[in-house]
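# structure here, sequence nowhere to be found:
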């Protein structure tokens, strides 16, 4: 497909999603933080590409709805309607992310005395750190597109709350670690183990938020959080064979490249991330891997990989224009060159999941919202991947950006 055709298909997917989940219709809001983070980025990118105020307004409306639904307690909770932060209704309007944001799972969180059931836990609410970092990114993208620093400030407030809630010291003086899933009010861990890429995703996102802060003095500066997350991430192995995790590594490599070129830090992470992505891609992307029927595949995980491969295409192009930090990192340059050879898999993944018969499979329909939003991201990735320093249209007018 040509770029206009890809963008048109993405717009159609996003408008259907917005209507189906209650953003632009009178249907009850159905908010899910991961999906909504990608959706905000998509809408902002498409609004910019098409100079479309209506698409921008949908993005702003979605941000507002996420804060008012996922930033407050569930309707089936005795604390229903209150901000997760415990702030007053008025103060919470100004600082809706200070208590974090719920995942949006269908079942209430597990009670303090309830036994752990790994299958049921997937359907229970709470807070996921890696979902929160996606929302931080979406809010920062809102600021980068509009020029209004409030989105970045809300993202930094969310970063400070998430970091305080998810990190802990196993014993006095020990290096901090992280929990994978926390209770809705961030008071207790629901899954105590640490997510594989959570420290990496957190550190890259904190660096991005600090770089996007501009001259604004309001809100956390994240200096302490960056120092602690740097220590948590030190020496960890990021290698994964999971397609969604691989896509995240590739995207983080691109974000790190942009941040380093902006003088925002991250130099020590770039080579290890590229090495892990290269090893994982070589193991996963081999003949026969993506030849299973749709009923045995999860679209959003494969599309996450396609998005990461789009990020690598941008990274490879940037390095060809200007080697920058790679002049002193020959191994990283070789890993990037190896990763660039996997670009043809983008077409394999996108074309498979663009076929109507594959989108009628139970695995597609069972995760329709996240599948369609991430397909839109892969078709038009600029909204999710851009960090504001690439050639692009001028900023959109900031309207109604209160969350």
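All right, it came through fine. Computed from a predicted model, the values in this text were never measured in an experiment. Numbering: from 1, shown residues only.
# only C-alpha atoms from now on, for both contacts and neighbour counts.
Fine.
# which residues touch residue 84?
71-73, 98-101, 184-185 (Cα atoms under 8 Å, 6 or more residues apart in numbering).
# in the stretch 201-350 of the chain, which spans are helices?
223-233, 243-261, 267-284, 299-321, 330-340, 345-354 (DSSP state H, counting those that start in this stretch).
# most tightly surrounded among those?
Mean neighbour count, computed with mean count of other Cα atoms under 10 Å, is highest for helix 243-261 among the helices of the stretch 201-350 of the chain, reaching a mean of 24.
# can you give me the angle that helix makes with helix 299-321?
30 degrees (axes from the mean of the first three to the mean of the last three Cα atoms, to 10 degrees).
# so which elements touch helix 243-261?
helix 198-211, helix 267-284, helix 299-321 (3 or more Cα pairs under 8 Å, 6 or more residues apart in numbering; DSSP states H and E).
# adding mean pLDDT, write those out as JSON lines.
Formatted as JSON lines, the helices and strands packed on helix 243-261 follow (pLDDT from 0 to 100):
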{"stretch": "helix 198-211", "mean pLDDT": "97"}
{"stretch": "helix 267-284", "mean pLDDT": "97"}
{"stretch": "helix 299-321", "mean pLDDT": "97"}
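# redo these as JSON lines? Include distance to residue 151.
Formatted as JSON lines, these follow (distance: least, Cα to Cα, whole Å):
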{"stretch": "helix 198-211", "distance to residue 151": "10"}
{"stretch": "helix 267-284", "distance to residue 151": "26"}
{"stretch": "helix 299-321", "distance to residue 151": "23"}
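# for residue 11, find the nearest of those.
helix 299-321 (16.8 Å; Cα to Cα).
# now the strands: where do they sit in the chain?
127-128, 167-168, 177-178, 181-182, 189-191 (DSSP state E).
# check which helices and strands the second one is in contact with.
Counting contacts by 3+ Cα pairs under 8 Å, 6+ apart, the secondary-structure elements packed against strand 167-168 are strand 177-178.
# and the spatially most central residue of the chain, how far is that from residue 363?
Geometric centre of the chain, nearest residue: residue 134, 2.7 Å, by Cα atoms, centre = their mean. Remark: distance between residue 134 and residue 363 (Cα to Cα, to the nearest Å) = 23 Å.
# again, but for residue 243
From residue 243 to residue 363 the distance is 16 Å (Cα to Cα).
# could you do residue 33 as well?
20 Å.
# ok, the two, which is more surrounded?
More crowded of residue 33 and residue 363, by other Cα atoms under 10 Å: residue 33, with 22 against 18.
# which two from the contacts of residue 84 end up farthest apart in space?
Among the contacts of residue 84, the pair separated by the greatest distance (Cα to Cα) is 73 and 98, at 13.3 Å.
# do you know which of the helices and strands packed on helix 243-261 lies nearest residue 49?
So among the helices and strands packed on helix 243-261, helix 299-321 is nearest, using Cα to Cα, at 17.1 Å.
# show me what the closest one is packed against.
helix 243-261, helix 330-340, helix 345-354, helix 368-379.
# quick check: which of these is nearest to residue 14?
Ranking the helices and strands packed on helix 299-321 by proximity to residue 14 (Cα to Cα) places helix 368-379 first, at 6.5 Å.
# ok, residues contacting the helix or strand bottoming out on mean pLDDT in the chain?
Of all helical and strand segments in the chain, the minimum by mean pLDDT, DSSP states H and E falls on helix 118-121, at a mean of 93. Here helix 118-121 makes contact (Cα under 8 Å, 6+ apart) with residue 110.
# just how off-centre is it within its chain?
Remark: helix 118-121 is offset 23 Å from the chain centroid, using Cα atoms, centre = their mean, to the nearest Å.
# ok, now stretch 174-182?
20 Å.
# average pLDDT for it?
The predicted model assigns stretch 174-182 a mean pLDDT of 96.
# contacting residues around it?
Here stretch 174-182 has contacts from 126-129, 165-170, 188-195, 198-199, 228, 231-232, using Cα under 8 Å, 6+ apart.
# what's the PyMOL line that selects buried ones from those?
Paste this into PyMOL to select the buried members of those, with burial taken from 16 or more other Cα atoms under 10 Å:
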select buried, resi 126+127+128+129+165+166+167+189+190+191+194+195+198+199+228+232
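# so what's residue 95 closest to, chain neighbours aside?
residue 154 (6.8 Å; Cα to Cα, 6 or more residues apart in numbering).
# count of residues packed around the one you found?
Neighbour count for residue 154, taken as other Cα under 10 Å: 24.
# and the gap between it and residue 358?
Counting by Cα to Cα - residue 154 and residue 358 are separated by 39 Å.
# now residue 350
Distance from residue 350 to residue 358, by Cα to Cα: 11 Å.
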